[in-house]
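[1] Generate a structure from the sequence data that follows.
(4 chains)
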Protein chains: 4
Amino acid sequence: MMRAAVAGASGYAGGELLRLLLAHPEFEIGALTAGASAGSRLGAHQPHLPALAGRTLQETTPEVLAGHDVVFLALPHGRSAAVAEALGDAALVVDCGADFRLADPAAWTAFYGGTHAGTWPYGLPELPGQREVLREARRIAVPGCYPTSVTLALFPAFAAGLAEPDVVVVAASGTSGAGRDPKPHLIGSEVMGSASAYGVGGVHRHTPEMEQNLSRVAGRPVTVSFTPVLAPMSRGILATCTAPAAPGVTAAALREAYAAAVKDEPFLRLLPEGSWPATAMTLGANTAALQVTLDERAGRVVAVIAIDNLTKGTAGGAVQSTNLALGLAEEVGLPLNGVAP
Amino acid sequence: MMRAAVAGASGYAGGELLRLLLAHPEFEIGALTAGASAGSRLGAHQPHLPALAGRTLQETTPEVLAGHDVVFLALPHGRSAAVAEALGDAALVVDCGADFRLADPAAWTAFYGGTHAGTWPYGLPELPGQREVLREARRIAVPGCYPTSVTLALFPAFAAGLAEPDVVVVAASGTSGAGRDPKPHLIGSEVMGSASAYGVGGVHRHTPEMEQNLSRVAGRPVTVSFTPVLAPMSRGILATCTAPAAPGVTAAALREAYAAAVKDEPFLRLLPEGSWPATAMTLGANTAALQVTLDERAGRVVAVIAIDNLTKGTAGGAVQSTNLALGLAEEVGLPLNGVAP
Amino acid sequence: MMRAAVAGASGYAGGELLRLLLAHPEFEIGALTAGASAGSRLGAHQPHLPALAGRTLQETTPEVLAGHDVVFLALPHGRSAAVAEALGDAALVVDCGADFRLADPAAWTAFYGGTHAGTWPYGLPELPGQREVLREARRIAVPGCYPTSVTLALFPAFAAGLAEPDVVVVAASGTSGAGRDPKPHLIGSEVMGSASAYGVGGVHRHTPEMEQNLSRVAGRPVTVSFTPVLAPMSRGILATCTAPAAPGVTAAALREAYAAAVKDEPFLRLLPEGSWPATAMTLGANTAALQVTLDERAGRVVAVIAIDNLTKGTAGGAVQSTNLALGLAEEVGLPLNGVAP
Amino acid sequence: MMRAAVAGASGYAGGELLRLLLAHPEFEIGALTAGASAGSRLGAHQPHLPALAGRTLQETTPEVLAGHDVVFLALPHGRSAAVAEALGDAALVVDCGADFRLADPAAWTAFYGGTHAGTWPYGLPELPGQREVLREARRIAVPGCYPTSVTLALFPAFAAGLAEPDVVVVAASGTSGAGRDPKPHLIGSEVMGSASAYGVGGVHRHTPEMEQNLSRVAGRPVTVSFTPVLAPMSRGILATCTAPAAPGVTAAALREAYAAAVKDEPFLRLLPEGSWPATAMTLGANTAALQVTLDERAGRVVAVIAIDNLTKGTAGGAVQSTNLALGLAEEVGLPLNGVAP
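    Predicted structure coming up:
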């Protein structure tokens, strides 16, 4: 049994990590920490987890987090570096925040401001070549939820040379992606019955991360025009990802490339032809549901993907990479099947 | 390993049974049958269950269902008797339908019409004395979703003699309780953003089942004024259950009785004082979240309960009773923790 | 043309008042005031009202509110008395808050704490005898949204002597009833897909107001066991209201009493027999949709009502009473038809 | 007063037409017809319209529809031609269906199959030059809901030569756009909490209509890659529309072009800079809320628009064009303000 701590256990990412760890046969749950909520019971924040309702949240300090095999960080941006440094090499540190995702310091500064904290092994096992990197890792940067969806939707096309690097993505997300802080535009009365756009025009912080991933697969610079949309649901991302088709590409070639790309992937599911993803297919699961076609009139590859932003998009992805880094089977403890309807 | 068949695998109850059985360490999944959908792939109906997507639905015949340790029936009313008879004693038969829930033939005829098919052991282990009955059972009648919620909310009060038998219940349910048949009033455009009452005035078929259970606990006839409300959500029941307080009852006595009643129950959770149930606490879990208080002005016990209508209210309750009948640990394979937010 | 000011124009009640006043042929809109939002444009708070988007919110002071024929107050509790006093008799003052609803100072202190500010004419024209009171009024206390629904659902039964005074009400409300302050339990991720109870056990502040209204109609003390439920929708109240049937009452007698009670009421609509209210029937309308039946087994009158909590339950009710007090036709400017689906 | 008939009064488009006509000062409502629902009361289908609840639906025949100044058709595809022919020139005929929207018979056949019925004046007054056409019209083809949104979002960019003709659109729509027929994938349990893509890859029937409109404005062929997304809400379209920026285009030039384009438009609202559309801003209103920016990294114009698919997207657009054709003020009777939250 591995012993896991979760820093930031009162938020949505922390809660989902705990839900998954509770069902994982190889983990026992150690310290749970929080910021302002330290001192209160977990049950007050995660009432859906009765198994841990009586546990008390502690302060997020190196002392509290020491002595675990794995430490999951679900902290606000900018906090992870200090915690990781204090923990040293004794623990595998898995950061669900953004601090260590980007390789390019200039991109970091342009989108997040301030100084780049560094780059950790990127926790997306499906990215070609990345599984091997993660097997050696002692630090993992869990991808953002939107970059997870977009990268998984388009890497087969770029890896096979079937798409040109002028990507347009519009992704609808549930509100849990915006976290648990009560902001005026996130209250139920505002979001129910309404879809809205935000972060439009290339300014969303996940944009350079998408470009980093797709450029790596394509072997040349890929730009992404990314528009996020807030949809009236708690969970789920549905990303529509398009790119110009390379000359001569056929729908059959696309389908063949995608089928090959997902063939050995435990959590990528190419839907039967004619069936298109819905986020409900993946609720609570670590599965990505994927479909692709060729728009012959417009000359574009159109790939659509559904994931659960908190599972495959955050906590499930984190556990998947952690499994690899700990030498466990990649899929152990992770739900393949969702909760529907 | 036990081998389980599911008849009615294309519906919501069938889908939830399969989700739970896939995560259950003691079951392997055998035949899957359907009515009009026989011949198609399960993936067309339950796209959230990729583990079984390629399985073909068969006809619901005794031959197909033979040779299993357990046969779960999620069939329209009136179909279960013939199937069970054909299967004989070779299989444990667990009926998620209403056919065998009521002991009183007159109540059956009054609410369902036609002739009463019989009475099977009632699959609510928390009902005092019922766990022992289920350990011997070869037939199980899974309770209705509303009666599960109402019985669990009020049995502690009636068992302790703290409530008078004039019960008023209003329960809000998600739309999955109405099943998968596309009816005009169930389409999304009609139900989203709207709450509506139906089956008002003592005519809902679950009413006599509630009265049967509570009368048994109270040791005298209990009447229930029951109003179901359709709420704009897919899953979940939130039942507000009130009864006149017996003379001299205090809030402390109520709380003590409820604490004692849930103490050894694996799936009943009395919330901390001041906290009230929300259906999101139990989504996808076999847990019932419960709270009780005394309205001193009105002189009534008020108990509120949240369950997932498809899990504890149907498929989870079915598996829980099945575990008992098969001599397994009651809680094995059943999720205690929910999926939230 | 009458000139109307709205104090508290940045909140939900204020926004709905403005929507209705914009469509009202007899009003022009004067000063708009706010608390912390003073100085900002209305369009930042009410983007659904482009007709007023450029208007600037002012401080809520007597000077700003002076010089209007009507001043609508949508302020936090405790603020209305001082504003009204400063305005004197020059303006009709219509308070959407709770300060002046209750006649009994003891009930005020028990439920709201502090000292009772006084009692104003109660703005529910349908309450027998109240229309005449409102025609003379220079001050109006707009009823709470829940008491509006419950009183309208049950006054016909009590006025006709068909119900006993032991009322049980469970009412599902949309989240806009909780206002616009961003509280953790009101964010979309928490409320979507979930129903929850709150204020259980006779402690909700609207309880004594319901009892006051129904006792007045019944001519004897009526107690109400009231449980509010938060439903995953922005608007709407669906209240299920039951009371023991008086001896000898029949379903036909009930229906006849209700038909008579609504006959001349412009905004009460008794649905055809067999049809039950849904909140979607009344969205954005000043209409209450009503149905009643007798539960013969349980011996209870069951009345169900749907209203829009912001329209008939707050701003529409306010304008309706204002119309009367200003000598206008009661229904002028008020929407009878809702927005559906 | 003009006398208006509505054919197809039991559906969603018909219901919205009636809601608007009831509030319109220049119309009285004549015959209401339906298909399978002929003979029943309107109240059984449109319970949110108590003003017409008692009206009986008639058969859709020329005799019933004769004698009106305007006949609105909200019929299934293929039915409008025969009705219009029978009515002759005596009535203005306004078709909410697709039959007469496309000018190109080949496009009709490719997307709808069968033979093109013809082309009527296109009911989008904001399209440059179209207002004049509509003032003379005796037949009006009301645009599709998606083409309305996309055309309004992008015509200012194309009219000013600021965008290149390689458009990518992803539009989230509420479920009412799919109509009232109960289909399995449209029931509430399936759509609540889920976003899904459909009609992907250039096959949605509204695609050639978008291309027709934008090509006309651009003066050269425009292709549109269009992906519709079903969002868990009843009403509303949020369309994200992107096109490559023409060389040298700046954000300021874009904003200037859009401000000029909407300046005299009664129903187009360019939001303040930094504010982005939400469908809740336009619920029940004939208003389109619009914003535009330049994604400098990706070199694309990004315009986002929100409309109510049933109001501006169908019935409101129909009434707006009808006002023009009848010589009335374009905005008379049409709501500018929405219902929120």
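[2] Please go through chain A and pick out the longest helix.
    Among the elements of chain A assigned as helix by DSSP state H, the one spanning the most residues is helix A:145-159.
[3] other SSEs contacting it?
    For helix A:145-159, the helices and strands in contact under the criterion 3 or more CB pairs under 8 Å, 6 or more residues apart in numbering or on different chains; DSSP states H and E are strand A:166-173, helix A:207-218, strand A:223-230, strand A:237-244, helix A:251-262, strand A:288-295, strand A:300-307. Placement of C-beta: from N, CA and C, glycine included.
[4] can you pull the buried residues of it?
    For helix A:145-159, burial by neighbour count (16 or more other CB atoms under 10 Å in any protein chain shown) applies to A:145-159.
[5] now swap in stretch A:292-306 and tell me
    Using 16+ other CB under 10 Å as the test for burial, stretch A:292-306 gives A:292-295, A:297-306.
[6] try stretch A:213-230
    By neighbour count on 16+ other CB under 10 Å, the buried set for stretch A:213-230 is A:213-218, A:222-230.
[7] Would you mind pulling the contact partners of the least confident helix or strand in chain A by mean pLDDT?
    Of all regular secondary-structure elements in chain A, judged by mean pLDDT, DSSP states H and E, the least confident is helix A:80-87 with a mean of 93. Contacts of helix A:80-87 from elsewhere in the structure, counted by CB atoms under 8 Å, 6 or more residues apart in numbering or on different chains, are A:7, A:60, A:62, A:65-66, A:71, A:73, A:75, A:93, A:95, A:97, A:99-100, A:117-118, A:139.
[8] can we see that at 7 Å?
    The set of residues external to helix A:80-87 that reach it, using CB atoms under 7 Å, 6 or more residues apart in numbering or on different chains, is A:7, A:60, A:62, A:65-66, A:71, A:73, A:93, A:95, A:97, A:99, A:117, A:139.
[9] So which of those residues are in strands?
    Using DSSP state E, the members of the contacts of helix A:80-87 that fall in strands are A:7, A:71, A:73, A:93, A:95, A:139.
[10] what's the burial count for the closest residue to the fourth one other than its chain neighbours?
    By that I understand residue A:93. Ranked by CB to CB, 6 or more residues apart in numbering or on different chains and with sequence neighbours excluded, the top spatial neighbour of residue A:93 is residue A:84, at 4.7 Å. Taking other CB atoms under 10 Å in any protein chain shown as the criterion, the count of residues near residue A:84 is 24.
[11] these two touch, right, residue A:184 and residue C:181?
    No: shown here, residue A:184 and residue C:181 do not form a contact pair, counting by CB atoms under 7 Å, at 8.6 Å.
[12] right, so of the helices and strands packed on helix A:145-159, which gets closest to residue D:319?
    Distance to residue D:319, taken as CB to CB, is lowest for strand A:223-230 among those, at 29.0 Å.
[13] That closest one vs chain B: in contact?
    No: counting by CB under 7 Å from any CB of the partner chain, chain B has no neighbours in strand A:223-230; the shortest distance is 14.4 Å.
[14] and that strand, how far out from the chain's middle?
    Counting by CA atoms, centre = their mean, to the nearest Å, strand A:223-230 is centred 16 Å from the centre of its parent chain.
[15] Check whether it comes near chain D.
    Yes: in this structure, strand A:223-230 sits against chain D according to CB under 7 Å from any CB; the contacting residues are A:223, A:224, A:225, A:227, A:229.
[16] what's in contact with that strand?
    Strand A:223-230 is touched from outside by A:146, A:165-173, A:175, A:191, A:195-200, A:202, A:204, A:206-207, A:210-211, A:214, D:172, D:238, D:240, D:242, D:295, D:297-298, D:300, D:302, with contacts defined as CB under 7 Å, 6+ apart.
[17] Any idea how many residues pack against the closest residue to chain C within the stretch 1-150 of chain A?
    Across the stretch 1-150 of chain A, no residue is closer to chain C than residue A:12, which sits at 7.0 Å (CB to the nearest CB). Neighbouring residues of residue A:12 were enumerated by other CB under 10 Å; the total is 26.
[18] What's the separation between residue A:273 and residue A:162?
    Counting by CB to CB, to the nearest Å, the gap from residue A:273 to residue A:162 is 17 Å.
[19] Residue A:152 contacts residue A:268, correct?
    Yes: under the criterion of CB under 7 Å, residue A:152 is in contact with residue A:268, at a separation of 6.4 Å.
[20] what sits in contact with each of those two?
    Common neighbours of residue A:152 and residue A:268 are listed as A:126, A:288, A:290 (criterion: CB under 7 Å, 6+ apart).
[21] State the three-state secondary structure for residue A:185.
    Under DSSP: H, G, I helix; E, B strand; the rest coil, residue A:185 falls in the helix class.
[22] How confident was the prediction at it?
    Here, the pLDDT recorded for residue A:185 equals 95.
[23] next one: residue A:75
    Confidence score, pLDDT, at residue A:75: 95.
[24] Ok, residue A:308 next?
    Checking the pLDDT column for residue A:308, the value is 98.
[25] And residue A:106, by the same measure?
    Reported pLDDT at residue A:106 in the predicted model: 97.
[26] State whether it is indeed within a helix.
    Yes: note on residue A:106: a helix contains this position according to three-state DSSP.
[27] Distance of it relative to residue D:174?
    Distance of residue A:106 to residue D:174, computed by CB to CB: 41 Å.
[28] Between the two, which has more neighbouring residues?
    Set residue A:106 next to residue D:174 and count neighbours by other CB under 10 Å: residue D:174 wins out with 32 against 10.
[29] any idea how far the residue in the stretch 1-150 of chain A positioned nearest to chain D lies from residue A:208?
    For the stretch 1-150 of chain A, the nearest residue to chain D under the criterion CB to the nearest CB is residue A:110, separated by 9.5 Å. With the distance defined as CB to CB, residue A:110 ends up 7 Å from residue A:208.
[30] now residue A:279
    Residue A:279 is 25 Å from residue A:208, where distance means CB to CB.
[31] now residue A:5
    According to CB to CB, residue A:5 stands 30 Å off from residue A:208.
[32] what kind of secondary structure is the residue lying closest to residue A:115 once chain neighbours are set aside in?
    Take residue A:115 and drop its neighbours on the chain: the residue closest to it by CB to CB, 6+ apart is residue A:109, 7.1 Å away. The assignment at residue A:109 comes out as helix when based on three-state DSSP.
[33] So residue A:109 versus residue A:75, what's the distance?
    Distance, residue A:109 to residue A:75, using CB to CB: 20 Å.
[34] the more surrounded of the two?
    The residue with more neighbours, out of residue A:109 and residue A:75 and counting by other CB under 10 Å, is residue A:75; that gives 23 against 13.
[35] Check the contact between the more buried one and residue A:8; I expect there is one.
    Yes: taking CB under 7 Å as the contact criterion, residue A:75 and residue A:8 are neighbours in contact, 4.9 Å apart.
[36] what touches both of those two?
    With contacts defined as CB under 7 Å, 6+ apart, no residue is adjacent to both residue A:75 and residue A:8.
[37] dump the residue contacts of the one residue in the stretch 201-341 of chain A that gets nearest to chain C.
    Closest to chain C within the stretch 201-341 of chain A is residue A:234: 4.7 Å, counting by CB to the nearest CB. Applying CB under 7 Å, 6+ apart, one finds that residue A:234 lies in contact with A:174, A:175, A:176, B:341, C:189, C:192, C:193, D:193.
[38] same thing with residue A:9?
    Residue A:9 makes contact with A:18, A:32, A:33, A:34, A:42, A:57, according to CB under 7 Å, 6+ apart.
[39] quick one: terminal-to-terminal distance for stretch A:319-334?
    Using CA to CA, to the nearest Å, one end of stretch A:319-334 lies 8 Å from the other.
[40] no wait, stretch A:274-285
    22 Å.
[41] Quick check: buried residues in that stretch?
    By neighbour count with 16+ other CB under 10 Å, stretch A:274-285 contains the buried residues A:276, A:277, A:278, A:279, A:280, A:281, A:282, A:283, A:284, A:285.
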